[in-house]
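1. Turn this into a structure:
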Amino acid sequence: MFMRFERMERLKSFEMPTVVKHGIGVVKYTGEEVKKLGVSKVLLVTDPGIQKVGLADPVISSLKESGIEVVVFDKVEPNPSIHVVAQGTSMYLENGCNGLVAVGGGSSMDTAKAVGVEVVHGEPVLEHEAAEGKKPLSKRIPPLTTIPTTAGTGSEVTQWAVITDPDRKFKFNTGGPLIAAHLTLIDPTLHLSMPAPITAGTGIDALSHAIECYTCHYAQPMTDAVALLAMEYVGKYLRRAVANGQDIEARYGMSQAAMLGGLSYGSESAGAAHAMAQTLGGIYPVAHGPCVAAMLGAVMEYNWMGEPEKFARIAQALGVNIHGLSLEEAAKAAVRKVYQLVRDVQIPTLEQQGVPAEDIPRLAKAAFNDPQTVGNPRDLTVKAYEWIYRRCFDLEPCTV
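-> Here you go, the predicted structure:
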């Protein structure tokens with residue numbers, strides 16, 4: 001079984017529908033910024049944990065101070081399902097909301113985007129699954145403001161929402177410029193209470209976006225530029241943010257890395273690491289960040305010879321002095337550097353995350369059928385995915 005990549009001439013474009021505003025303490029401006037979007041009643045989408053620890057409180061206070069009514073939907077779950085989205089849509093419509101605010105990580109922001117899709121299209125988000133060739137989005141979602149409390153997914157600026165269909169045990173994408181947030185407010189003070197394991201997992205997720213989008217077939221100058229800076233920020237700040245959660249400079253740097261990594265997607269897709277993480281996440285209840293982080297090194301080990309020049313540049317972005325190295329050694333140095341970073345921030349292995357090695361054949365087939373396989377810089381087969389998974393479980397010897 002083999003997938004051929006057709007290098008056809010195609011129109012490339014870069015769109016950035018989202019206004020990005022950032023700074024220490026900017027969450028206090030939420031109300032006035034949302035009001036500028038013409039919103040008078042918002043559905044605030046978040047998860048129970050964010051609500052419990054009070055991270056949404058300053059957002060709610062600012063909205064109310066600006067005269068905006070707030071309806072709180074705090075039922076978001078990891079790997080949000082179509083059922084959670086439907087609940088949010090019902091609450092939005094029943095309360096006559098005319099805008100959305102998402103506070104939290106990627107799950108909250110993706111849920112809010114999907115709710116927006118259902119509100120304006122009047123049908124389930126499943127009808128707009130990108131991979132199945134269903135209906136493309138035809139209407140702009142209601143005004144959406146994203147306020148990330150983690151530094152990883154970049155969903156605050158991406159043009160995608162990843163939603164789980166529990167019946168198929170499958171995570172699907174829906175998106176395009178019409179789904180992107182209208183505004184994101186990035187405030188690193190909201191990240192200070194993020195536990196070290198979440199900081200680590202989300203941080204490597206941001207790195208994976210940058211590396212995959214920099215090396216994939218859809219790369220272009222605009223996405224290359226933001227991807228490289230995202231890598232530099234992760235290399236500089238992630239260890240510090242994990243070691244000292246109150247390091248506001250490191251938190252600020254990582255919040256920018258996540259946003260830049262999100263922009264590196266452009267309007268396209270990623271590669272093997274995300275094909276694996278998304279399909280695996282639909283089968284097992286694993287968090288996306290640690291899952292993709294546990295697989296990134298093995299994917300890079302497989303991929304480096306597909307884009308050796310770019311892998312050498314990745315090594316530089318991560319702080320490796322490649323002077324005097326051959327192109328091959330410089331490219332391999334990038335792989336070793338990422339393996340070391342993953343170890344330093346103590347990412348749990350797939351086995352530690354509850355994924356059994358005996359499921360490798362099933363997981364490899366699922367990954368191969370994911371649309372993100374097409375963007376990968378080195379040609380893929382099911383056997384290739386099996387090799388990558390076996391490397392994740394140390395069932396194959398390291399080649400770098």
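
2. I'd like the next helix or strand past the worst-scoring helix or strand of the chain on mean pLDDT.
-> Lowest mean confidence among the helices and strands of the chain (mean pLDDT, DSSP states H and E): strand 170-175, at a mean of 88. Going down the chain from strand 170-175, the next helix or strand is strand 183-186, by DSSP states H and E.

3. Which strands border the least confident helix or strand of the chain, and is each parallel or antiparallel?
-> Within its sheet, and counting by DSSP bridges, strand 170-175 is paired with strand 160-165 (antiparallel).

4. Quick one: distance of the strand it pairs with to the chain centre.
-> Distance of strand 160-165 from the chain centroid (CA atoms, centre = their mean, to the nearest Å) equals 11 Å.

5. ok, residues contacting that strand?
-> Surrounding strand 160-165, the residues in contact under the criterion CB atoms under 8 Å, 6 or more residues apart in numbering are 79-82, 85, 106, 109-111, 113-114, 117, 125-126, 155, 170-175, 179, 265, 278, 281-282, 288. Bear in mind the C-beta positions are built from the backbone N, C-alpha and C, glycine included.

6. Give me the next element, helix or strand, following the helix or strand where Ser255 lies.
-> If you go by DSSP H and E, Ser255 is part of helix 248-263. Proceeding N to C from helix 248-263, the next assigned helix or strand is helix 272-283, under DSSP H and E.

7. Kindly export that next one (C-alpha atoms) in PDB.
-> Extracted in PDB, the C-alpha atoms of helix 272-283 (Å, rounded to 0.1, in the frame of the first residue of the first chain):
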ATOM      1  CA  ALA A 272       3.000  12.300   9.900                       C
ATOM      2  CA  ALA A 273       3.300  13.300  13.500                       C
ATOM      3  CA  HIS A 274      -0.100  14.900  13.400                       C
ATOM      4  CA  ALA A 275      -1.600  12.200  11.200                       C
ATOM      5  CA  MET A 276      -0.500   9.800  14.000                       C
ATOM      6  CA  ALA A 277      -1.600  11.900  16.900                       C
ATOM      7  CA  GLN A 278      -5.000  12.700  15.600                       C
ATOM      8  CA  THR A 279      -5.900   9.200  14.600                       C
ATOM      9  CA  LEU A 280      -4.500   7.700  17.800                       C
ATOM     10  CA  GLY A 281      -6.400  10.400  19.900                       C
ATOM     11  CA  GLY A 282      -9.700   9.200  18.400                       C
ATOM     12  CA  ILE A 283      -9.000   5.600  19.500                       C
END
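
8. Restricting to C-alpha, output the longest helix along the chain in CSV.
-> The helix that spans the most residues within the chain, counting by DSSP state H, is helix 221-243. C-alpha atoms of helix 221-243 as CSV (Å, rounded to 0.1, in the frame of the first residue of the first chain):
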residue,chain,number,x,y,z
PRO,A,221,8.0,31.7,2.7
MET,A,222,5.4,33.2,5.1
THR,A,223,4.9,30.0,7.0
ASP,A,224,8.6,29.2,7.0
ALA,A,225,9.3,32.6,8.6
VAL,A,226,6.9,32.1,11.5
ALA,A,227,7.8,28.4,11.9
LEU,A,228,11.5,29.2,12.4
LEU,A,229,10.9,31.8,15.0
ALA,A,230,8.5,29.5,16.8
MET,A,231,11.3,26.9,16.9
GLU,A,232,13.8,29.4,18.3
TYR,A,233,11.4,30.5,21.1
VAL,A,234,10.6,26.9,22.1
GLY,A,235,14.3,26.1,22.2
LYS,A,236,15.0,29.1,24.3
TYR,A,237,12.0,29.2,26.6
LEU,A,238,10.4,25.8,27.1
ARG,A,239,12.8,24.3,29.6
ARG,A,240,12.6,27.5,31.6
ALA,A,241,8.8,27.5,31.6
VAL,A,242,8.7,23.9,32.7
ALA,A,243,11.3,24.4,35.5
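
9. Tell me the gap between the least confident helix or strand of the chain and the middle of its chain.
-> For strand 170-175, the distance to the chain centre is 12 Å (CA atoms, centre = their mean).

10. Which residues does that strand contact?
-> By CB under 8 Å, 6+ apart, strand 170-175 touches 79, 113-114, 117, 125-126, 128-132, 137, 158-165, 278-279, 281-282, 371.

11. That strand relative to helix 272-283, how many degrees between them?
-> Between strand 170-175 and helix 272-283, the angle comes out at 120 degrees (axes from the mean of the first three to the mean of the last three CA atoms, to 10 degrees).

12. Just the CA atoms of strand 170-175, as PDB, please.
-> Extracted in PDB, the C-alpha atoms of strand 170-175 (Å, rounded to 0.1, in the frame of the first residue of the first chain):
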ATOM      1  CA  PHE A 170     -12.200   9.200  14.800                       C
ATOM      2  CA  LYS A 171     -11.000  12.800  15.000                       C
ATOM      3  CA  PHE A 172     -11.800  14.900  12.000                       C
ATOM      4  CA  ASN A 173     -10.900  18.400  10.800                       C
ATOM      5  CA  THR A 174     -13.200  21.100   9.600                       C
ATOM      6  CA  GLY A 175     -11.900  24.500   8.600                       C
END
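
13. And the strands in this protein, which stretches?
-> 19-22, 41-45, 69-73, 99-104, 144-148, 160-165, 170-175, 183-186 (DSSP state E).

14. can you put the ones you listed in TSV and add distance to Ala333 and mean neighbour count?
-> Below are the strands of the chain laid out as TSV (distance: least, CB to CB, whole Å; neighbours: other CB atoms under 10 Å):
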stretch	distance to Ala333	mean neighbour count
strand 19-22	32	16
strand 41-45	42	26
strand 69-73	46	18
strand 99-104	36	29
strand 144-148	31	29
strand 160-165	31	24
strand 170-175	33	22
strand 183-186	32	24
